[in-house]
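> With the input below, show me the fold.
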Amino acid sequence: MEERVWSYTKEIRPQYVAELKKQKRIREIYRHLIYSSCLFFAIAVICSINFFIINVKASSEQKETAYKYYTSVTVEAGETLWDIAGIYMSDEFSSVQKYIDEVKNINHLTDNKIYAGEQLIVPYYSYEYKR
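Next up is the predicted model:
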């Protein structure tokens, strides 16, 4: 009876080992497939986040372009450079004093005195493109 068991085991063992190797290979393939899928998903998420961040930055950087223009104004009685700055100055200038300094420079003024009826060239910004 032992001889028969031995021969039976001898015949089954190679098939069993082959089946185990096949199952192990299938598990390895599934494991690689899962790792590859996770890696692909992670890369896709990272790329999507980067694309979103770049789009947000680009859209925030694409503000309307402000064009700088100059116009001539006639000084009214009692008007000061500060009054003119209050009318024509916009956020593109960092301070009222810098705007007034530019007006003085453009009009070759040495002090803050202006007179009624005097013509001044003043800068201003507009989002409308004018030819």
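
> and the next element down the chain from the helix or strand hosting residue 82?
With elements taken from DSSP states H and E, the one containing residue 82 is helix 81-88. Moving toward the C-terminus from helix 81-88, the first helix or strand encountered (DSSP H and E) is helix 96-106.

> For that next one, C-alpha coordinates in PDB please.
Output of helix 96-106 as PDB, limited to C-alpha atoms (Å, rounded to 0.1, in the frame of the first residue of the first chain):
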ATOM      1  CA  VAL A  96      -0.700 110.700  -4.200                       C
ATOM      2  CA  GLN A  97       2.700 112.200  -3.800                       C
ATOM      3  CA  LYS A  98       4.200 110.100  -6.700                       C
ATOM      4  CA  TYR A  99       1.300 111.200  -8.900                       C
ATOM      5  CA  ILE A 100       1.800 114.800  -8.100                       C
ATOM      6  CA  ASP A 101       5.500 114.500  -8.600                       C
ATOM      7  CA  GLU A 102       4.800 113.000 -12.100                       C
ATOM      8  CA  VAL A 103       2.400 115.900 -12.900                       C
ATOM      9  CA  LYS A 104       5.000 118.400 -11.800                       C
ATOM     10  CA  ASN A 105       7.700 116.700 -13.900                       C
ATOM     11  CA  ILE A 106       5.500 116.500 -17.000                       C
END
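
> Number of residues surrounding residue 21?
Look at residue 21: counted by other C-beta atoms under 10 Å, it has 10 neighbours. Where C-beta positions appear, they are placed from N, C-alpha and C, glycine not excepted.

> Tell me the pLDDT of it.
At residue 21, the predicted lDDT confidence score is 87.

> Thank you kindly, that will do.
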